[in-house]
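Visitor: Build the 3D model from these lines:
(2 chains)
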Amino acid sequence: MEVTMDPLFLAWSYFRRRKLQQCSDICTKILQDNSYDQDSSLPISEAAWSLKTRALTEMVYIDEVEVDQEGIAEMMLDESSIAQVARPGTSLRLPGTSHGGGPTPAIRPLTQSGRPITGFVRPSTQSGRPGTMEQAIKTPRTASTARPVTSASGRFIRLGTASMLTNPEGPFINLSRLNMAKYSQKPNLSRTLFEYIFHHENDVNNALDLAAQATEHAQFKDWWWKVQLGKCYYRLGLYRESEKQFRSALNHQEVVDTYLYLAKVYQRLDQPITALSLFKQGLDHFPGEVTLLTGIARIHEEMNNIPSATEYYKDVLKQDNTHVEAIACIGSNHFYTDQPEIALRFYRRLLQMGVYNCQLYNNLGLCCFYAQQYDMTLSSFERALALVANDEEQADVWYNVGHVAVGIADLTLAYQCFKLALAFNNDHAEAYNNLAVLELRKGRIEQSKAFLQTAESLAPHMYEPHYNLSILSEKIGDLQSSYTAALKSEDSFPEHVDTQQLLKQLREHFSVL
Amino acid sequence: MPEVKSIFREVLPKQGQLSMEDVPTMVLCKPKLLPLKSVTLEKLEKMQMEAQKAVKLQELAMKEQNQ
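Guide: Residues are numbered from 1 along each chain as shown, chains lettered A, B, ... in the order given. Next comes the predicted model:
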């Protein structure tokens, strides 16, 4: 005779093995047999119901610490910032205030927000903060940096609705018919229910309602509910309220996560110094905690203080020598400070650890080329091309292959590579600029000018197209446009010596006239 | 190869100043290291792709039903 396993136990086992869909299916079956009712129900259906909410939550769970997407509206209509014009070194919004020692844009490319590119992207670093309204609206023109109008219309809401769409019988829990007061008094159900509402349904208002009642039921003594309240307030944009909740939660219980959430609030309020001191306070309680150290390093990096960011990333690696973010950031920093051999070692380490994707092989290829290990260069790029996931990545890889071609003076190949980059991503400003340089070498002035103008309009934050256009215009005798282009170039890279010289020359010229 | 006589002889001034004209040249944009993606970002992108796929499938099914 076959012995069948208890279905609830089996579901639980599936859940632990992260076979979430199977777990949820079994729970659905149990719930069909023993119907679940909010007011009176058997323990077994209650257990199955709770397990199903957990399984559904786990399917779409994302680390809340990492989740951060600032919409245009929040950024521009920001009421929480203290000073409109912050002093240098106290704000995340002034990328220009470099602390010295970091690479200049002449060596290290910039992102659209005017920061040097980093070795690692997270949801919040994807597009940075544009400085002006005009720039903010313009930025989403390129598909890879699309920014929602407000964070309430962002990716998380869309994911929430998508999860409902795929469920033909409607949502598992009908939130509007839920008796929150009743659930808030059942601590064994309320937590899973809260996480379900918050992560799966993305219904922050209802989640807040439940959390408020539950914390009341716990007589304001449960730190967990306070953290959840803080998370809800953060999502609703009530940063000061969420700060209060996190502070109060920290008074009850020191938890690393609470420190991270609180620091996130301060970063959103544009108070990096407060966030830094908070992290240090956290490190007093949890010495050597990797996430706190990483947080410090990220803030230094965002404030364009690359040398001390690298120091902190090194501290991270002392604690955890397989930390991908730290290795990638230190590697890219070495590459852009003219030490591709050392960068190569870091990226090789990542490869040994099992990171296997297009970005890594592309970086390996570049490092090999600039470290003069030519045998590995092209095969790395070939692998990168074999592993690309989308057209933007493909364009970037071809763009870098183009650089290798320029390096070996095969200008025909370079030309083709940059053209390919443009074929895959029509908004690739760097490729436009480099094509323009190659076109000018061939003597096609009009074509070159057209490419430069395109590059300029696509990426006003880069100095190269402005500077090149300035030189080109000066050569063909159009001094006025040369002067305006040089001014723009000075705007985006004030320390550039060649631009300064060109401007000086032009000014002398004009004064003679 | 010392025995091959070159037509051109290099001129290296033994005294006086050596001057060089610094001609401004166009600059290329720099090679771009691609940033690695965090686990969270990868999961987000995966979920988004799956959701889009599911919606598309549903829409296709709806269309077929209507026909």
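
Visitor: per-residue confidence at A:Pro140?
Guide: Note on A:Pro140: pLDDT of 39.

Visitor: which residue ranges form the strands in chain A?
Guide: A:120-121 (DSSP state E).

Visitor: Output the below-cut-off pLDDT ranges for it.
Guide: A:1, A:37-41, A:67-88, A:93-103, A:106, A:110-117, A:123-170 (pLDDT under 70).

Visitor: hmm, try it at 50
Guide: A:97-99, A:126-131, A:138-147, A:162 (pLDDT under 50).

Visitor: can you list the domain ranges for it.
Guide: A:1-61, A:322-381, A:388-426, A:432-513 (automatic domain parsing).

Visitor: Kindly reformat these as JSON lines containing distance to A:Val265 and mean neighbour count.
Guide: Where C-beta positions appear, they are placed from N, C-alpha and C, glycine not excepted. Putting the domains of chain A into JSON lines (distance: least, C-beta to C-beta, whole Å; neighbours: other C-beta atoms under 10 Å in any protein chain shown) gives the following:
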{"stretch": "domain A:1-61", "distance to A:Val265": "21", "mean neighbour count": "16"}
{"stretch": "domain A:322-381", "distance to A:Val265": "21", "mean neighbour count": "20"}
{"stretch": "domain A:388-426", "distance to A:Val265": "32", "mean neighbour count": "19"}
{"stretch": "domain A:432-513", "distance to A:Val265": "28", "mean neighbour count": "19"}
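
Visitor: Looking at the ones you listed, spot the one closest to A:Tyr239.
Guide: Closest to A:Tyr239 of the domains of chain A, according to C-beta to C-beta: domain A:1-61, at 23.6 Å.

Visitor: That closest one close to chain B?
Guide: Yes - using C-beta under 8 Å from any C-beta of the partner chain, domain A:1-61 reaches chain B at A:Val60.

Visitor: Ramachandran angles for B:Lys37?
Guide: Torsion angles at B:Lys37 (phi, psi; degrees, to the nearest 10) stand at phi -100, psi 140.

Visitor: what bridges to it?
Guide: A:Val121 (DSSP bridges).

Visitor: I'd like to know how many residues surround it.
Guide: Other residues near B:Lys37 come to 21 when the count uses other C-beta atoms under 10 Å in any protein chain shown.

Visitor: Repeat that for the one 10 residues further on.
Guide: For B:Met47, the number of neighbouring residues by other C-beta under 10 Å comes to 18.

Visitor: Give me the distance between A:Lys182 and A:Ala214.
Guide: With distances taken as C-beta to C-beta, to the nearest Å, A:Lys182 is found 11 Å from A:Ala214.

Visitor: quick revisit: relative to B:Gln58, which of the domains of chain A is closest?
Guide: domain A:1-61 (17.4 Å).

Visitor: Looking at A:Lys182 and A:Ala214, which is more packed in?
Guide: Each of A:Lys182 and A:Ala214 has its neighbours counted (other C-beta under 10 Å); A:Ala214 has more, 25 against 13.

Visitor: Chain A contacts on chain B?
Guide: Residues of chain B found near chain A (C-beta under 8 Å from any C-beta) are B:24-38, B:40-41, B:43-44, B:47-48, B:51-52, B:54-55, B:58.

Visitor: Which of those are buried? Put it as a ChimeraX command.
Guide: The buried residues among the residues of chain B next to chain A can be selected in ChimeraX (16 or more other C-beta atoms under 10 Å in any protein chain shown) with this line:
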select /B:24,26,27,28,29,30,31,32,33,34,35,36,37,38,40,41,43,44,47,51
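
Visitor: Could you list which of the residues of chain B next to chain A belong to strands?
Guide: B:36-37.

Visitor: now the domains of chain A in a markdown table, with distance to A:Ile306?
Guide: Below are these laid out as a markdown table (distance: least, C-beta to C-beta, whole Å):
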| stretch | distance to A:Ile306 |
| --- | --- |
| domain A:1-61 | 33 |
| domain A:322-381 | 6 |
| domain A:388-426 | 22 |
| domain A:432-513 | 16 |
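
Visitor: Nearest to A:Tyr234, out of those?
Guide: Closest among the domains of chain A, using C-beta to C-beta: domain A:1-61, at 17.0 Å.

Visitor: Nearest approach to A:Ser277 belongs to which of the domains of chain A?
Guide: domain A:322-381 (21.8 Å).
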